[in-house]
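Peer 1: coordinates for the following, if possible.
(one chain, ligands or ions: 1)
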Amino acid sequence: MHTLIEIQKLRKQFGNLVAVDDISFQVDRGEVLGFLGPNGAGKSTTMKMITGFLTPSAGKIRIAGDDITANPLAAKRRLGYLPEGAPAYPDMTVWEFLRFIADVRELKGTLRQQRLDYVIQRVNLAQVLHQPIDTLSKGFKRRVGLAQAILHDPEVLILDEPTDGLDPNQKYEVRGLIREMAQEKVIVLSTHILEEVHAVCSRAIIIAQGRLVADGTPSELEAQSADYNAITLTVDAPSEQAENIRQTLTAIHGVEKLIILEEQAHQLRYQLLPKQRQTIVAEVSQTLREKQWSVSELHVDRGQLDSVFRQLTTAH
Ligand SMILES: Nc1ncnc2c1ncn2[C@@H]1O[C@H](COP(=O)(O)OP(=O)(O)OP(=O)(O)O)[C@@H](O)[C@H]1O
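Peer 2: Just a heads-up that it's a prediction; the model follows:
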């Protein structure tokens, strides 16, 4: 696979504040990389450095081999960037703004017309084409920003919260567009919506206080969740038997801890956390068979991105 973004030991300091602290990663063609992290973690600052809008305090950034600081024009030609917030030039109409961006990107002739037609249709801008950007709703402003980012069909797309402010239908549309564009490009997007990571990202990076704390596929990250491979089960038995049942379940080989979820008259619901996230389903099933308890629910938890996110971003 071809590496399109290479980041080495990237650092950004604002006065005494270290906003980005020694971050290194690379992204290959075809990857959609999600940037996750709490407010103020350093996501936007990293994206601004990747796109050449901010100069790093230290470190190297290469876009398809070109250093963004030493050779900014070559690197920027391959880049499309959706910054956070609304597009600049609020007095321009959408049409004037897109034509202006086409000039900046030096698009000419039929290619220029094709690209303008494509983005207007693909990002659904026809109905607001002659409206000043300032008068658009938040969702439409976001879509204008996305249109200018993809107008010159760049290989590398950096999208800062692309679905922020969009309604559910628009979110669905934009995620579809991202997936569609992903094959031939590299897309880096930041988001606070963890379900978005599942919907579009092949890989995710978690940043906390300027440092990279996790890097993996969504499933790999979920496997770090404290409840990965835990078993949730409901035994239909009178509550007088609860203590005996709890003791039996806790004694099963591989079970680290039992959590009481619910103990009602005829419904005893527990979660069994395994030692070192190992699989315990066979041992638990065997015990249930031996005891011949009536079990109305049993499932293996696969871990959740939001609990991994909390684990990793509150421990720093
Ligand atoms: N120009 C600046 N001058 C001083 N401090 C800054 C500047 N830009 C960002 N910061 C600080 O750097 C830190 C990282 O900010 P950044 O915007 O990169 O976070 P973020 O992860 O994008 O947050 P959010 O999810 O809220 O967008 C914050 O503490 C922020 O206040």
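Peer 1: centre of the chain to stretch 57-66, how far?
Peer 2: 22 Å (Cα atoms, centre = their mean, to the nearest Å).
Peer 1: residue numbers of the chain in contact with the ligand?
Peer 2: Residues of the chain lying near the ligand by Cβ under 6 Å from any ligand atom: 14, 17, 19, 37, 39, 40, 41, 42, 43, 44, 45. Any C-beta I mention is one placed from the backbone N, CA and C, and that applies to glycine too.
Peer 1: among the residues you listed, which two are most distant?
Peer 2: Greatest spatial distance among the residues of the chain next to the ligand (Cβ to Cβ): 14 and 37, at 16.9 Å.
Peer 1: these two touch, right, residue 149 and residue 159?
Peer 2: Yes: using Cβ atoms under 8 Å, residue 149 is in contact with residue 159, at 6.8 Å.
Peer 1: element containing residue 117?
Peer 2: helix 109-122 (DSSP states H and E).
Peer 1: what's next to that helix, contact-wise?
Peer 2: 98-99, 102, 107, 125-126, 129, 147, 150-153, 177 (Cβ atoms under 8 Å, 6 or more residues apart in numbering).
Peer 1: repeat that with 7 Å
Peer 2: 98, 102, 107, 126, 129, 147, 150, 151, 152, 153, 177 (Cβ atoms under 7 Å, 6 or more residues apart in numbering).
Peer 1: what sits against residue 311?
Peer 2: Residue 311 neighbours (Cβ under 7 Å, 6+ apart): residue 226.
Peer 1: now with 8 Å?
Peer 2: 224, 225, 226.
Peer 1: can I get these in a markdown table with secondary structure?
Peer 2: Shown next, in a markdown table, are the contacts of residue 311 (DSSP: H, G, I helix; E, B strand; the rest coil):
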| residue | secondary structure |
| --- | --- |
| 224 | coil |
| 225 | coil |
| 226 | coil |
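Peer 1: report the lowest-confidence entry in those residues.
Peer 2: Note: of the contacts of residue 311, the lowest pLDDT belongs to residue 226, at 81.
Peer 1: so which strand or helix has the residue minimising distance to the centre of the chain?
Peer 2: Nearest residue to the geometric centre of the chain (Cα atoms, centre = their mean): residue 34, 3.2 Å. Per DSSP H and E: residue 34 is located in strand 32-36.
Peer 1: neighbouring strands - and their directions - for that strand?
Peer 2: Strand pairing for strand 32-36, determined by DSSP bridges: strand 186-190 (parallel), strand 203-208 (parallel).
Peer 1: want to throw those strands into CSV with mean pLDDT and distance to residue 62?
Peer 2: Output for the strands paired with strand 32-36, formatted as CSV (pLDDT from 0 to 100; distance: least, Cβ to Cβ, whole Å):
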stretch, mean pLDDT, distance to residue 62
strand 186-190, 96, 12
strand 203-208, 95, 17
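Peer 1: all helices of the stretch 1-150 of the chain, in order?
Peer 2: For the stretch 1-150 of the chain, the helices defined by DSSP state H, counting those that start in this stretch occupy 43-50, 72-77, 94-104, 109-122, 138-150.
Peer 1: for residue 213, find the nearest of those helices.
Peer 2: helix 43-50 (12.7 Å).
Peer 1: just to revisit the earlier point, just the closest of the contacts of helix 109-122 to residue 70, please.
Peer 2: Closest approach between those and residue 70, by Cβ to Cβ: residue 152, at 21.9 Å.
Peer 1: now for that closest one: which residues touch it?
Peer 2: Residue 152 neighbours (Cβ under 8 Å, 6+ apart): 77, 80, 105, 107, 115.
Peer 1: quick check: bridge partners of the residue nearest to the centre of the chain?
Peer 2: residue 189, residue 204.
Peer 1: and the gap between residue 195 and residue 201?
Peer 2: 11 Å (Cβ to Cβ, to the nearest Å).
Peer 1: so between the two, which is more surrounded?
Peer 2: More crowded of residue 195 and residue 201, by other Cβ atoms under 10 Å: residue 201, with 24 against 12.
Peer 1: next, give phi and psi for that one.
Peer 2: Backbone geometry at residue 201, expressed as degrees, to the nearest 10, gives phi -90, psi 140.
Peer 1: residues contacting the closest residue to it other than its chain neighbours?
Peer 2: Excluding its sequence neighbours, the residue lying closest to residue 201 (Cβ to Cβ, 6 or more residues apart in numbering) is residue 34, at 3.7 Å. Residue 34 sits next to 189, 190, 191, 196, 197, 200, 201, 203, 204, 205 when contact means Cβ under 8 Å, 6+ apart.
Peer 1: and of those, the nearest to residue 276?
Peer 2: residue 204 (23.1 Å).
Peer 1: residues near the closest one, how many?
Peer 2: Neighbour number of residue 204 under other Cβ under 10 Å is 25.
Peer 1: enumerate every residue touching it.
Peer 2: 33, 34, 35, 36, 197, 214, 215, 216, 217, 218, 221, 305.
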